[in-house]
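Participant: Model the structure of this input:
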Amino acid sequence: IGYPDDEELLTLIRSVDVGLSVSLWEGFNLPLLETQWEHKPVMCFNKGAHPEIVQNTNSLCSSEQELVDKLLHLDLLSIPRSNWTSMFIWANTAQYYLDEIQR
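Facilitator: Alright, predicted model coming up:
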């Protein structure tokens, strides 16, 4: 998402179903705090300061598979489950970014 200013970040946070951080060594990850402030669930790895900032310890994941499993159980995603795991294939992710750049 680049480097949104405060207003843009708030707009982005309000438009999502869940705050997701895939960083393994994030600092305090303040967007996760702001996402929780907006009463949105968050998911992140149990690394760095994440255990200190998440309100629900169920938001902490120890592996990529656990992260995917927990996201699927949120039932908030508009993406059909059969397509959700295919998003984590690098070729599909790279194609998504290429499409966005071209758009």
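Participant: Where is the longest helix in this structure?
Facilitator: The helix that spans the most residues within the chain, counting by DSSP state H, is helix 90-102.
Participant: Kindly export it (C-alpha atoms) in CSV.
Facilitator: Extracted as CSV, the C-alpha positions of helix 90-102 are listed here (Å, rounded to 0.1, in the frame of the first residue of the first chain):
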residue,chain,number,x,y,z
TRP,A,90,3.8,-17.0,-5.6
ALA,A,91,2.9,-17.0,-9.3
ASN,A,92,-0.6,-15.8,-8.5
THR,A,93,0.6,-13.2,-6.1
ALA,A,94,3.1,-11.9,-8.7
GLN,A,95,0.4,-11.8,-11.4
TYR,A,96,-1.9,-9.9,-9.0
TYR,A,97,0.8,-7.2,-8.5
LEU,A,98,1.6,-7.0,-12.2
ASP,A,99,-2.1,-6.5,-12.9
GLU,A,100,-2.3,-3.8,-10.3
ILE,A,101,0.8,-2.0,-11.6
GLN,A,102,-0.6,-2.1,-15.2
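Participant: Need phi/psi at residue 47.
Facilitator: phi -140, psi 160 (degrees, to the nearest 10).
Participant: per-residue pLDDT, the spatially closest residue to it that is not a sequence neighbour?
Facilitator: Sequence neighbours aside, residue 24 is the residue nearest to residue 47 in space, at 5.3 Å (criterion: CB to CB, 6 or more residues apart in numbering). Quick note: C-beta positions are derived from backbone N, CA and C, even for glycine. At residue 24, the pLDDT value in this model is 78.
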